[in-house]
Structure formats: structure tokens, C-alpha cells
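*Asks:* sequence-free structure coming up:
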């Protein structure tokens, strides 16, 4: 199926391309796009620059691991079934949509958070292992476990949010994510972001890529109720409630076992995105049935 953009009524289809080097701009976003009649297709001009190479459960942290796509792609029939039944698609943010910490490393943010605690005389809250983690979410969880609902936990979450906002300008789009999002939206599928990252960081990134109208207002990110981070299905349940779409007609695109666990708890379908063999193994071991190493085959199915 070929989608064309006939909004200006000139002869011939219009092809939209994505400049993947373009950094996000404004940090506020609106939903004022006037979509004229007619479906639209977008393609990407991919800049395949080297980037971070290893992912933890939710983050890309280590530059040592390779980034070749997984060799096993999802069975076409299984992928088609998963995609065609979806009336609502829930997107994890860091991984499926972009690499938030492509330049401003997650490990750096975790170190800064540990120092923030130490500067306030609270470094002893963390175990030696937690002090050495390269995962900011792990630091947040550790503090929330010991000081739930405290001003300290709230202050640390705000510090983490500020760091994520600093990471946004250097974030890099996941290959094929932008055109997939736009094509899914153009054919009438509802979209939402469900993430452990700050919704302010998500909003800033989407605005910079021109993707805000595809999601607005359905961005459900980290709140100060840190015990509600995935694998708790809280963000997914919020999206289902707000959109009033049945879980049976919903698909989540995620890249971690915690995404899969949240999707399972919420009763929604799951499409795993694994950019390397390590991520694929983590998802397979967690029980994921449909996994892709690239979003390109998903875009093909959606565009049929």
C-alpha cells in the first residue's frame, strides 16, 4: 500500500524524510496539527552513526556491546496478527522511540544522583552495589524503598528529570520509529507513551521531532509515586483508562522484561524490540513471543 499526501492538491505523491541529526527543539508541545484528508507515508534518511552499545533492562549504558540487529525476525504471520488487531499502541520511550542517553550517558546521570545524595549527607542510604550502578532508575528505586514518599525521594526524582531534559538535545531516533509513528497515526491508530522516564523529557523530545500531535495528550511517564514504575502496569492502566480502548485491542512496543511484565499485567499484547542479541535473549527468556530486531518490518505491515 502506498500512502500519499495530497494536502496541497499538486500532482504526484509527497515523500517525507527524517533528518536524524536534528535535535529536539522546544520543550513544550501542542496538538495544533491540521491533518487534511488522505493518508500519508514517511520515510527516513538514516544516519547510522556509532552509538551506545549495551542495554540494561531499560537503559543503554555500555559502549562495549555490539549493536548488530538480532538475526531472528518475528514470524511474518505472528507480527501481522499482533499489528492488525491494535487500535491503541503503547510505546516505551527510551529504546523503541529513541536512544535518550546516546551522548549524555545514563551512567553519568547515575553518578550525579549518587553525588547529589552524598552532598546531602544521605549517601549511606545506598549499598555499595547501588552506589556503583549505571542505572538512574535503580538509584531512584533504592531511595524510594528506604524513604517512600519523602522530600528526599521527590528531590532526587526532580534532579533525575532535569538530567533527562539535558539528555534530550543529543538523543538519537530509533531507526524507522518516526515514520512508523506517523503512519500508524495517519491510519487512525491511537498512540500513547508509557515510560519510566519523565513525561517532561518525553514531551521535549516529541516536540523536537514534530511527533507531538501523534501522541498528545497521551504521555504517561514517571510520577513521584516511584513504586509505580514498570513493571507495575500503572502507566499502561492510565493510558487504557484515558483512551477507553480495550486491553484486547492494545499492543505495547517495548524492549525490556519490565515492559513485558507490565503488558502482561495490563492484559495487552506485546511486541518486543531488540536491537541486539543480548536484548533478544532477555526478552525471549522473559517469555516474549513476537520480537523484531528492527522496526522496518513493522512499518511494512502497517503500510499494507
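*Replies:* All right, it came through fine. A quick note: this is a predicted structure, and the numbers were derived from the prediction, not measured.

*Asks:* do you know how far residue 271 is from residue 236?
*Replies:* 14 Å (C-beta to C-beta, to the nearest Å). Using the backbone N, CA and C atoms, a C-beta is placed for each residue, glycine as well.

*Asks:* Mutual contacts of the two, please.
*Replies:* Residues touching both residue 271 and residue 236 (C-beta atoms under 8 Å, 6 or more residues apart in numbering): residue 252.

*Asks:* Give me the below-cutoff pLDDT ranges for this protein.
*Replies:* 1-74 (pLDDT under 70).

*Asks:* Closest to the centroid, which residue in it?
*Replies:* Nearest residue to the geometric centre of the chain (C-alpha atoms, centre = their mean): residue 93, 1.2 Å.

*Asks:* Verify the contact between it and residue 203 for me.
*Replies:* No: using C-beta atoms under 8 Å, residue 93 makes no contact with residue 203, being 10.5 Å away.

*Asks:* So residue 144 is in contact with residue 226, correct?
*Replies:* Yes: look at residue 144 against residue 226 with C-beta under 8 Å: they come within range, at 3.8 Å.

*Asks:* and for those two, which residues touch both?
*Replies:* residue 153.

*Asks:* Identify, by residue count, the longest helix of this structure.
*Replies:* Ranked by number of residues, the top helix in the chain under DSSP state H is helix 151-167.

*Asks:* elements contacting the very next helix or strand once past that one?
*Replies:* Under the assignment DSSP states H and E, the closest C-terminal helix or strand after helix 151-167 is strand 172-173. Secondary-structure packing of strand 172-173 (3 or more C-beta pairs under 8 Å, 6 or more residues apart in numbering; DSSP states H and E): strand 98-99.

*Asks:* residues in contact with the helix or strand just after the strand it packs on?
*Replies:* Using DSSP H and E, the next helix or strand after strand 98-99 towards the C-terminus is helix 106-119. If you take C-beta under 8 Å, 6+ apart as the criterion, helix 106-119 is touched by 59-62, 101, 123, 125-126, 131, 133-136, 138-140, 143, 152, 156, 159-160, 163-164, 167.

*Asks:* Now, of those residues, which are buried?
*Replies:* Neighbour counting by 16 or more other C-beta atoms under 10 Å classes 59-61, 101, 125-126, 131, 133-136, 138-140, 143, 152, 156, 159-160, 163-164, 167 among the contacts of helix 106-119 as buried.
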